[in-house]
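S.K.: this one's structure only:
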């Protein structure tokens, strides 16, 4: 790892102020992605601003039909939360499948979304549920937040503070994990909103990161059942192909994980 | 350079380290606690697992500065004097190790698993929860046996307290 300066922020304002002082600062939350990347010398921030202990950044609130998860809440805490398990069990289940227990103890929802790894789990839930990403400056709807591989709508020095999820009528998540990294080879999140709309998002599949899956959405809108996807074909164009799986393989996985997600949603 | 103050195995320590220092290096090189191992250095193998504020974490994926003010327990902090922790004893009795390189991380993860699941542990859960710890010798069979054995010993010990 190249040299860096570590700062622990005491508040959201303090974090933003400290960030501005560095020549090439990065916000550090759980560090489960940023630190490995720094160790490989693929990132060399002049300053890392630790936001993981800011009190206003930790916790889960449920009010009416909205679950708000503050950005530095760990995957473990989301998975264990009674409130999340009750309101959006698919989201708690998704958090319980990220990485391994030690990673879940450190990794956070805000860190995962800001990094926007094309195979990360949370982006699928955020896009399928139509969540709103809140920052120190504004609220960004999921549609406008993800901008392709490792890219987001976040501006330099802008920090995610929380994510608000509307409680769906039904939701489910299924992923086919890479057995070594536990990242999603492909993961699909299906959601039926309380107004009856169907939204489906896949992660790990597309060359442009998390994506909506229109053919599955249309089929489920007509008939919310795993069997409704039997005749659906997912086009392989634009899908990832690597040593772990071809584009055709991933196209089929999108359908199969979609079916399993619908079964999980009930 | 920064001064990092934390508690390690019950003792308050204060260490001057570069800001880029990882917790595992602070433990091994500044405190000479070499029971915590560096295996893959890429957050996958779990040989470096320690407890920070009661939770199992990979100490190769945490800056020393992030652990400032925290309570850290390493493999050296488990035994009570000459008396092995029930998890250590169970690994020995069940032959849960061969070369021993992964063992400190395995044991720290295993203790964390028992703490989180209490008496409700079964083989499937142990295997699933150990997915962040890699062993290249044992085939895991005796490790899983050891964790289940220790879980019942820890339950008995807890009931006796």
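M.R.: Received it, and whenever you're ready, just let me know what you need. Since the model is a prediction, treat every value here as computed from it, not as a measurement.

S.K.: OK, contacts around residue B:73?
M.R.: By Cβ atoms under 8 Å, 6 or more residues apart in numbering or on different chains, residue B:73 lies in contact with B:8-9, B:50-51, B:108. All C-beta atoms are positioned from the backbone trio N, CA, C, and that covers glycine.

S.K.: Residue A:112 against residue A:120, yeah?
M.R.: Yes - at 5.2 Å, residue A:112 counts as touching residue A:120 under the criterion of Cβ atoms under 8 Å.

S.K.: Find residues that contact each of these two.
M.R.: residue A:98.

S.K.: ranges for the helices of the chain?
M.R.: Assuming you mean chain A. A:12-21, A:34-39, A:75-80, A:82-87, A:89-96, A:101-106, A:109-115, A:122-129, A:142-145, A:214-222, A:247-265 (DSSP state H).

S.K.: You answered for a different chain; I wanted chain B.
M.R.: B:23-25, B:86-93, B:103-117, B:123-129, B:141-160.

S.K.: By proximity to chain B, which residue of chain A wins?
M.R.: Chain A approaches chain B most closely through residue A:100 (2.7 Å), counting by Cβ to the nearest Cβ.

S.K.: what does chain B have sitting close to chain A?
M.R.: With the criterion set to Cβ under 8 Å from any Cβ of the partner chain, chain B comes near chain A through B:2, B:18-20, B:22, B:41-44, B:46, B:49, B:55-58, B:61-63, B:65-66, B:68, B:109, B:112-113, B:116, B:129, B:131-133.

S.K.: ok, back up a step: could you say which one of the helices of chain B comes nearest to residue A:200?
M.R.: Residue A:200 lies closest to helix B:123-129 among the helices of chain B, at 26.8 Å (Cβ to Cβ).

S.K.: Check which helices and strands the closest one sits against.
M.R.: Applying 3 or more Cβ pairs under 8 Å, 6 or more residues apart in numbering or on different chains; DSSP states H and E, one finds that helix B:123-129 makes contact with helix B:103-117, helix B:141-160.

S.K.: Quick check: buried residues in it?
M.R.: Residues of helix B:123-129 classed as buried under the neighbour-count rule (16 or more other Cβ atoms under 10 Å in any protein chain shown) are B:125-126, B:129.

S.K.: One more: stretch A:147-158?
M.R.: The neighbour-count check on stretch A:147-158 (16+ other Cβ under 10 Å) flags A:152-154, A:157-158 as buried.

S.K.: what's the residue positioned nearest the centre of chain A in contact with, if anything?
M.R.: The residue lying closest to the centre of chain A (Cα atoms, centre = their mean) is residue A:122, at 1.9 Å. For residue A:122, the contacting residues are A:94-95, A:98, A:109, A:112-113, by Cβ under 8 Å, 6+ apart.

S.K.: What about these, which one has the most neighbours?
M.R.: residue A:109 (29 neighbours; other Cβ atoms under 10 Å in any protein chain shown).

S.K.: pretty sure that residue is touching residue A:163, no?
M.R.: Yes - using Cβ under 8 Å, residue A:109 is in contact with residue A:163, at 6.0 Å.

S.K.: so what's in contact with these two at the same time?
M.R.: By Cβ under 8 Å, 6+ apart, the residues touching both residue A:109 and residue A:163 are A:69, A:71.

S.K.: and the stretch 101-250 of chain A, which of its residues are near chain B?
M.R.: A:101-103, A:105-106, A:180-182.

S.K.: Dump those into TSV; add distance to residue A:88 as well.
M.R.: Shown next, in TSV, are those (distance: Cβ to Cβ, whole Å):
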residue	distance to residue A:88
A:101	22
A:102	25
A:103	21
A:105	21
A:106	23
A:180	29
A:181	25
A:182	21
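
S.K.: just to revisit the earlier point, looking at the contacts of residue B:73, state which has the most neighbours.
M.R.: residue B:50 (31 neighbours).

S.K.: So what sits opposite it in the bridge?
M.R.: residue B:57 (DSSP bridges).

S.K.: residue ranges for the strands of the stretch 51-200 of chain A, please.
M.R.: A:60-63, A:66-70, A:132-135, A:139-141, A:160-166, A:170-177, A:184-192, A:198-203 (DSSP state E, counting those that start in this stretch).

S.K.: for the ones you listed, which one sits closest to residue A:34?
M.R.: Comparing the strands of the stretch 51-200 of chain A by Cβ to Cβ, strand A:160-166 comes nearest, at 13.7 Å.

S.K.: out of everything not next to it in sequence, what's closest to the residue of chain A closest to chain B?
M.R.: Once flanking residues are discounted, residue A:100 sits nearest to residue B:132: 2.7 Å by Cβ to Cβ, 6 or more residues apart in numbering or on different chains.

S.K.: could you dump the buried residues of stretch A:147-158 to CSV with pLDDT and distance to residue B:29?
M.R.: Formatted as CSV, those follow (pLDDT from 0 to 100; distance: Cβ to Cβ, whole Å):
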residue, pLDDT, distance to residue B:29
A:152, 98, 37
A:153, 98, 41
A:154, 98, 36
A:157, 96, 34
A:158, 98, 37
